[in-house]
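Student: Predicted model, plus sequence, below.
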Amino acid sequence: MSAHQPPAGSARGSVASRDQASVREVDRQQLVSSCRSVLERNWREGTRGARSFSYTAPSPGRYSWQWYWDSCFTAIVWRRFDRDRARAELSSLLAAATPDGFIGHTIFWGEPVDRMRRLFYNVNSRSDFMTSTIQPPLLAWAWRIAVGDPREVPAIGRHHDQVQRERDLDGDGLIWILQPDESGLDASPKFDSAWGWRADGLPGFPLLVARNRRLDFDIRRVEAAGGIVVCGTTTNVLHNLSRLALGRPSITPILLERLYHERTGLFHQLVRSRRSSRRNQPHRVVTWSALSPLALPDLPEAIGRRLVEEHLLDPAKFWLPVPPPSVSASERSFSTRDRFLFLRRYWRGPTWINAAWLLWLGLRRLGYNEPADELARRVMRAVAAAGLREYYDPITGEGMGARDFSWSSLIVELAEPEPSAANSHL
C-alpha cells in the first residue's frame, strides 16, 4: 500500500466514479470568469479621514462593510486575477488596526451601525470605527498565499502578537473567544451547550452582547465575571496557520494534547466558566470544525487519515451530495434550515465553500486525490447551478443565504488547484 493512499476497500474507492457524466457539464472557465465578475462588482474603494480603503464587500445586498476573515479568503482568490487588489484588500485590514495591532472582525468604512444592528454588533457605540471583537486570525496566512512573506510587514506581526497576548488565556499558545460569532461560525450547534439561550441566532444573544459590552469586550474581565469562554478548533487551526506563515513555532502538538479525542478520532472545543463546573469541559457535537485540522501541514498522518476515513468520507456523516455539511448528518442538530423564528441561524447544516476548501487541502496533502477531485466536482456543480451563494443545501445543492457572496469564489481554488495546495500553501 502506498504511503499516500488509504487502505483498499475504504470509502474513497466507492465515490470517485460517481456522477461522472454530469460533472462534464461544468464549464470551469465560465465558472472562474463568473467568480471574477462577482469580485469586481463587489469591490469598494474610498477614504475615511486620512485612511484609504479598498476591499471586497461580502455581498452587496446584505453585507456592505469589510469583514476580517471574508477579506482574507477573498484576497486569496484575488491573487489569481489581480495581485494588487489582493494586497490592497489585506492592507485595508492593516489600515484599520489600532496602534497595538488589534483589528476588529467588522470595519465600518462607510456608514456606521444603525440602531437595530447595534443590538447584535459588538460595538460600544454606534460611532465605533470597528467591532471590539475578533474573527479567526488568518491574516498572516492569507498574506503568505496572496501577497508574499508576512514577516516583511511589521504590522502583521504586531497584529498577531496582539491576538496572542490578549486571547492566550493559559499561556500555551491556544487562543480563546468570548462570543460564538468570534469564531465566524456564529450559530453552530457546537455552541448550544455553552451559551444556551444566549447563543447566536437566539433571542437571548443581544443580552450576551450587552453583558460583554459592559465589560468592554475584554475576555479576561468576561471570564472573571463568570462568563463563558471557548477554545475552539477552527479558530486555532487558522491561528496556527498564521503562526506557521510567520515562521513561529507550531501549536499543533498543543491542539493534539488539549482538543483531540482519541476514542472518537475527532477534535473538540473546550468550554469553561468560573461560575460552573464546566471548566475545560469538551463539547462533542460533531461539526466540520472537528475535521478542520486537516488543513494543518504538520498534522500527524495517522490522525489525518482517521479524520478522512472514519468521518469525512462517511456518507452518513459528511460525504453528502454537496460535501461537507457544516454539521454531521448523523447529529440530531443537523438541519438544512437557516432560520429560527425571525432570526438567521448559520452553520447548522448547509455547506460553506471556505469549509470545503480547508478540508480539501487536507485531502490533497494526504494523497486522497480521487476524493479531493470528487469533492471539488460536487461543490462546483452546486456553484455552477446556483451561482456564488453564501452557503448551499448539502443534499440538493440549492443556493442559500446571501447572493453574489464573495468568499464562495474560493471555488476557483478547487477548480484550478495549484501544487502548493498540498502543503496548505506554506
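Tutor: Right, received. Where do you want to start?
Student: Ser193 contacts Val271, correct?
Tutor: Yes: assessed by CB atoms under 8 Å, Ser193 is found in contact with Val271 at 7.2 Å. (Glycine included, C-beta is placed from N, CA and C.)
Student: Of those two, which one has the most company?
Tutor: Set Ser193 next to Val271 and count neighbours by other CB atoms under 10 Å: Val271 wins out with 22 against 15.
Student: Per-residue pLDDT of that one, please?
Tutor: What the model reports as pLDDT for Val271 is 94.
Student: What of Ser10?
Tutor: 40.
Student: so where do the strands sit in this protein?
Tutor: Ranges of strands within the chain are 43-48, 51-56, 66-67, 106-107, 229-231, 260-261, 266-267, 269-272, 281-283, 339-340, 343-344, 389-392, 399-403, based on DSSP state E.
Student: List the neighbouring strands of the last one plus their orientation.
Tutor: Partner strands for strand 399-403, per DSSP bridges, with pairing direction: strand 389-392 (antiparallel).
Student: As PDB, could you dump the C-alpha coordinates of the partner strand?
Tutor: Extracted as PDB, the C-alpha positions of strand 389-392 are listed here (Å, rounded to 0.1, in the frame of the first residue of the first chain):
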ATOM      1  CA  ARG A 389     -24.300  32.000  -2.700                       C
ATOM      2  CA  GLU A 390     -23.400  32.300   1.000                       C
ATOM      3  CA  TYR A 391     -24.000  28.500   1.500                       C
ATOM      4  CA  TYR A 392     -25.600  25.600  -0.100                       C
END
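Student: what's in contact with it?
Tutor: 59, 322, 326, 338, 346, 350-353, 379, 382-383, 386, 398-403, 405, 408 (CB atoms under 8 Å, 6 or more residues apart in numbering).
Student: Repeat that for stretch 348-357.
Tutor: Stretch 348-357 is contacted by residues 73, 187-189, 288, 292, 320, 322-327, 329, 333-338, 375, 379, 382-383, 390-394, 400-401, 407-408, 410-411, 413-414 when judged by CB under 8 Å, 6+ apart.
Student: Now the buried members of the residues you listed.
Tutor: 73, 187-189, 288, 292, 320, 322-327, 329, 334-336, 338, 375, 379, 382-383, 390-394, 400-401, 407-408, 410-411, 413-414 (16 or more other CB atoms under 10 Å).
Student: Run the angle between the longest helix along the chain and strand 399-403 for me.
Tutor: The single longest helix within the chain, with elements called by DSSP state H, is helix 369-386. Relative orientation of helix 369-386 versus strand 399-403 (axes from the mean of the first three to the mean of the last three CA atoms, to 10 degrees): 60 degrees.
Student: buried ones in helix 369-386?
Tutor: Residues 370-384, 386 are the ones in helix 369-386 that count as buried (16+ other CB under 10 Å).
Student: between these, which is nearest Ala88?
Tutor: Minimum distance to Ala88 across those is 25.4 Å, recorded for Val383 (CB to CB).
Student: The closest residue to the closest one other than its chain neighbours and Leu341, how far apart?
Tutor: Ranked by CB to CB, 6 or more residues apart in numbering and with sequence neighbours excluded, the top spatial neighbour of Val383 is Ile411, at 4.8 Å. The gap separating Ile411 from Leu341 is 32 Å, by CB to CB, to the nearest Å.
Student: now Ser52
Tutor: Shown here: Ser52 relative to Leu341, a distance of 41 Å by CB to CB.
Student: who has more neighbours, the two?
Tutor: When Ser52 and Leu341 are compared for neighbours, Ser52 comes out ahead with 14 against 8, by other CB under 10 Å.
Student: which ones are touching the more buried one?
Tutor: Residues near Ser52 by CB under 8 Å, 6+ apart: 45-46, 92, 95.
Student: With pLDDT and neighbour count added, can I get those in CSV?
Tutor: As requested, these are exported to CSV (pLDDT from 0 to 100; neighbours: other CB atoms under 10 Å):
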residue, pLDDT, neighbour count
Glu45, 96, 12
Gly46, 94, 11
Ser92, 97, 22
Ala95, 96, 19
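Student: Make a markdown table from these and add distance to Thr133 to it.
Tutor: What follows is these, written out as a markdown table (distance: CB to CB, whole Å):
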| residue | distance to Thr133 |
| --- | --- |
| Glu45 | 26 |
| Gly46 | 24 |
| Ser92 | 19 |
| Ala95 | 19 |
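Student: so, if you compare those residues, which one comes nearest to Ala302?
Tutor: Distances from Ala302 to the contacts of Ser52, taken by CB to CB, are shortest for Ser92, at 41.2 Å.
Student: in stretch 253-264, what's buried?
Tutor: Result for stretch 253-264 [16+ other CB under 10 Å]: buried residues 254-255, 258-260.
Student: for stretch 348-364, same thing?
Tutor: Those would be 348-364, for stretch 348-364 by 16+ other CB under 10 Å.
Student: now it, how far from the chain's geometric center?
Tutor: In terms of CA atoms, centre = their mean, to the nearest Å, the centre of stretch 348-364 is set 9 Å apart from its chain centre.
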